[in-house]
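Engineer: could you look at this predicted model? Sequence included:
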Amino acid sequence: KRYMALNKNIGINSVENMVLFLALILYLTAAIYNSGYYHPDEHFQILEFAKWKLGQSSGTSMAWEHEAMIRPTLQPILAILIIRLCENLGLGNPFQQAMVIRTLTALIMLCSLRLFYKNASQWVSPKHRIGFLASMLFFWVTPMISVRFSSETLCTACILLLLAKLFKKGKPSIFDAIWIGLLVALGFEFRYQAAFAYIGILLWGLTQRKYQFKIWFSVALTFFCVVLLCSVLDCWFYGKPVFAPYNYYHINIVDHVAASFGESPWYTYVCWAIMLPSPAIGLPMVVSICAGTIKNYKNPIVWALWSFFFIHSIISHKEIRFLFPLIPLVPIFMVWTYEMLHDKQQQYMGVILVCLLTMVNIGGLIHTVFKPAAYGNIAMIQYLLERTSVQKNLEIVTIHGSNPLRLGNLQQQFYMWQPLNIIENEGHEIKEDKKSKIIVLWQADEITRENILGRGYKEVFRTIPCWQDILNKFFHSYNKDMVLIAYEKE
């Protein structure tokens with residue numbers, strides 16, 4: 001029996017390693033293809049902040065959060081360190097530097113997911129643990145989220161590591177408490193809203209675990225020491241005394257600046273969870289979360305998820321990215337629900353549901369891994385810079401705000417390793433002359449397209465390939481009218 005058990009464990013470990021290896025390949029692939037940013041904050045409040053502190057950027061690329069000094073600067077400082085490392089290794093191209101940053105982020109997330117699985121698998125039946133690992137690593141949006149050097153992603157990594165630490169059996173030591181305090185502080189400094197999950201974990205610790213006072217004190221002391229150190233970094237970064245968490249709270253909550261970007265009712269996240277990307281994915285996911293909560297209501301995962309969700313629902317300004325830290329937690333709820341169906345001798349229903357969701361999930365992975373982030377404006381910038389480096393006198397004409405460098409009043413400078421000759425045209429008419437030019441249009445701009453196609457222009461590049469539009473009809477990850485297309489005369 002011991003021999004058979006040993007062989008079984010070796011077999012399980014081999015399958016786990018194979019799943020992890022496949023995940024590594026997939027995540028590195030996502031790091032290559034997912035250029036750009038999912039949300040402007042990921043770029044203008046991190047990479048542009050870093051570029052500014054390095055003295056390589058002017059104020060035109062700085063968001064209002066810089067002047068307000070509400071952004072925690074730990075992440076921009078990490079970006080500075082990575083950029084300096086890349087430069088010392090001979091990687092001066094900003095697109096290469098950005099890919100290195102995405103790759104490192106993917107590796108951090110993979111390690112966090114692996115440690116979370118290792119410790120959370122005790123809550124899953126042994127025969128379903130491989131399925132839990134695979135569903136967690138290959139959930140259709142997880143690789144895309146995992147390569148984003150955003151506050152949401154690094155906050156997610158800290159929450160996963162924190163939960164993994166809490167799953168440790170036995171009484172925690174002072175060393176464990178210090179690690180917990182460190183993870184809590186780092187998650188908070190990456191994204192202040194991590195505190196919403198910590199409230200649930202705190203309530204779980206007070207009601208479900210009877211930790212000694214010295215453990216609570218060690219966690220709190222470590223947390224405040226790290227936050228104090230990060231505040232010193234904030235003062236250095238902004239060049240004046242500042243306590244960014246207070247500024248963030250006062251400006252966004254007291255002064256209602258966050259609400260000025262749009263308000264939504266409390267049930268919005270529930271609707272989005274069901275409808276985005278489609279009810280075929282959303283409805284089983286929501287049902288699984290509710291069923292898993294009933295089955296394991298004493299689990300810290302449940303407490304963290306619901307406190308994070310409820311507090312975000314109360315806040316009037318809502319964006320789907322705010323819930324990204326919950327995405328890696330969803331698969332364990334789905335596994336718990338599958339186990340409930342299996343326990344009630346309804347395994348055939350569970351198998352059918354798993355097969356259908358797997359097929360849908362594969363399509364989602366193809367869709368999210370092999371496309372640039374958002375609408376691919378950074379991919380267009382890269383194409384134009386590569387063309388300009390070969391053809392120095394090339395003129396770039398943009399129509400009706402299709403300039404990929406601009407976002408409202410902001411103009412990104414991180415990727416500009418050489419200037420682009422861009423002419424912004426607000427009308428549909430384009431001056432015809434002998435100059436070599438590339439015309440950049442929104443996909444929705446039919447009037448200008450018909451005009452230039454009749455004059456001999458041909459499509460030479462688009463930020464998102466046409467075949468992605470087929471998958472997008474189901475997953476709704478972008479508005480195809482916002483795709484940028486470049487045209488040039490043959």
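Structural biologist: Alright, I've got the coordinates.

Engineer: for residue 247, pull up the helix or strand it's in.
Structural biologist: helix 244-249 (DSSP states H and E).

Engineer: check the offset of that helix from the chain's centre.
Structural biologist: Relative to its parent chain, helix 244-249 has a centroid offset of 23 Å by Cα atoms, centre = their mean, to the nearest Å.

Engineer: packing partners for it?
Structural biologist: helix 213-238 (3 or more Cβ pairs under 8 Å, 6 or more residues apart in numbering; DSSP states H and E). No exception for glycine: its C-beta is placed from N, CA and C like everyone else's.

Engineer: pLDDT weak spots in the stretch 51-200 of the chain?
Structural biologist: 60 (pLDDT under 70).

Engineer: for it, just list every one of the helices.
Structural biologist: With DSSP state H, counting those that start in this stretch as the definition, the stretch 51-200 of the chain shows helices at residue ranges 64-68, 74-88, 94-120, 129-137, 142-146, 151-166, 174-190, 194-208.

Engineer: just want the angle from the second one to helix 213-238.
Structural biologist: Counting by axes from the mean of the first three to the mean of the last three Cα atoms, to 10 degrees, helix 74-88 points 60 degrees away from the direction of helix 213-238.

Engineer: what sits up against helix 74-88?
Structural biologist: For helix 74-88, the external contacting residues (Cβ atoms under 8 Å, 6 or more residues apart in numbering) are 45-47, 49-50, 53-54, 92, 96-97, 100-101, 104, 149, 151, 154, 186, 189-190, 230, 233, 237.

Engineer: just the first one next, same as before
Structural biologist: Where contact means Cβ under 8 Å, 6+ apart, the residues beyond helix 64-68 that reach it are 45, 49, 52, 71, 247, 251.

Engineer: rebuild the residues you listed as CSV, extending it with neighbour count.
Structural biologist: Shown next, in CSV, are the contacts of helix 64-68 (neighbours: other Cβ atoms under 10 Å):
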residue, neighbour count
45, 23
49, 27
52, 19
71, 23
247, 17
251, 17
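
Engineer: which one of those is nearest to residue 140?
Structural biologist: Of all the contacts of helix 64-68, residue 140 sits closest to residue 45, with 26.7 Å by Cβ to Cβ.

Engineer: compare the helices of the stretch 51-200 of the chain and give me the one nearest residue 288.
Structural biologist: With Cβ to Cβ as the measure, helix 129-137 is the member of the helices of the stretch 51-200 of the chain nearest residue 288 (10.6 Å).

Engineer: sketch out the helices for the stretch 301-450 of the chain, chain order is fine.
Structural biologist: Counting by DSSP H, counting those that start in this stretch, the helices of the stretch 301-450 of the chain are 330-343, 347-369, 377-390, 446-453.

Engineer: of the helices of the stretch 51-200 of the chain, give the one that comes closest to residue 416.
Structural biologist: Each of the helices of the stretch 51-200 of the chain was checked against residue 416 via Cβ to Cβ, and the shortest separation belongs to helix 94-120, namely 7.8 Å.

Engineer: the closest one - contacts with which helices or strands?
Structural biologist: When contacts are defined as 3+ Cβ pairs under 8 Å, 6+ apart, helix 94-120 sits against helix 2-33, helix 74-88, helix 129-137, helix 142-146, helix 151-166.

Engineer: what about stretch 414-434, average pLDDT?
Structural biologist: On average, the pLDDT along stretch 414-434 is 82.

Engineer: quick one: residues in contact with that stretch.
Structural biologist: Contact with stretch 414-434 is made by 43, 47-48, 50-51, 57, 61, 92-95, 98, 378, 381-382, 384-385, 388-389, 393-401, 403, 405, 439, 447-448, 451-452, 455, as judged by Cβ under 8 Å, 6+ apart.

Engineer: then stretch 196-214?
Structural biologist: Counting by Cβ under 8 Å, 6+ apart, stretch 196-214 makes contact with 159, 162-163, 166, 171-172, 174, 177, 184, 187-188, 298, 300, 303-308, 311-312, 325, all of which sit outside it.

Engineer: show the backbone phi and psi for residue 36.
Structural biologist: Listed backbone geometry of residue 36 is phi 90, psi -150, with angles given as degrees, to the nearest 10.

Engineer: now do the SS call for residue 269.
Structural biologist: Assigned state for residue 269: helix (three-state reduction, DSSP: H, G, I helix; E, B strand; the rest coil).

Engineer: list the residues that contact residue 106.
Structural biologist: 27-28, 30-31, 143, 146-147.

Engineer: relative to residue 205, how far out is it?
Structural biologist: 31 Å (Cβ to Cβ, to the nearest Å).

Engineer: next one: residue 266
Structural biologist: With distances defined as Cβ to Cβ, the gap from residue 266 to residue 205 amounts to 27 Å.

Engineer: ok, residue 243 next?
Structural biologist: According to Cβ to Cβ, residue 243 stands 27 Å off from residue 205.

Engineer: which one's more surrounded, these two?
Structural biologist: Neighbours were tallied for residue 243 and for residue 205 using other Cβ atoms under 10 Å; the higher tally belongs to residue 205 (19 against 14).

Engineer: measure that one to residue 220 for me?
Structural biologist: Using Cβ to Cβ, one obtains 12 Å as the distance from residue 205 to residue 220.

Engineer: any common contacting residues for those two?
Structural biologist: With Cβ under 8 Å, 6+ apart, residue 205 and residue 220 have no common neighbours.

Engineer: now the residue nearest the centre of the chain: closest residue in space that isn't a chain neighbour?
Structural biologist: Closest to where the C-alpha atoms of the chain average out (Cα atoms, centre = their mean) is residue 145, at 3.4 Å. On the basis of Cβ to Cβ, 6 or more residues apart in numbering, the spatially nearest residue to residue 145 that is not a chain neighbour turns out to be residue 324, at 5.3 Å.

Engineer: residues near that neighbour, how many?
Structural biologist: Residues lying near residue 324 (other Cβ under 10 Å) number 24.

Engineer: ok so, going back, the contacts of residue 106: which two are farthest apart?
Structural biologist: When Cβ to Cβ is used, the two most widely separated members of these are 28 and 146, lying 10.6 Å apart.

Engineer: okay, the two: which has more neighbours?
Structural biologist: Summary of the neighbour comparison: residue 28 and residue 146, criterion other Cβ under 10 Å, with residue 146 having more neighbours (29 against 17).

Engineer: tell me who's in contact with the closest residue to that one other than its chain neighbours.
Structural biologist: Nearest in space to residue 146, with sequence neighbours left out and distances taken as Cβ to Cβ, 6+ apart, is residue 109 at 3.7 Å. The contact partners of residue 109, by Cβ under 8 Å, 6+ apart, come to 27, 145-147, 153, 156-157.

Engineer: if you set the cut-off to 10 Å instead, what comes out?
Structural biologist: Listed by Cβ atoms under 10 Å, 6 or more residues apart in numbering, the contact partners of residue 109 are 27, 137, 142-143, 145-148, 153-154, 156-157, 160, 328.

Engineer: closest one of those to residue 477?
Structural biologist: With Cβ to Cβ as the yardstick, the closest approach to residue 477 among these comes from residue 145, at 12.0 Å.

Engineer: isn't that closest one right up against residue 320?
Structural biologist: No. Contact between residue 145 and residue 320 fails when scored by Cβ atoms under 10 Å: they sit 11.1 Å apart.
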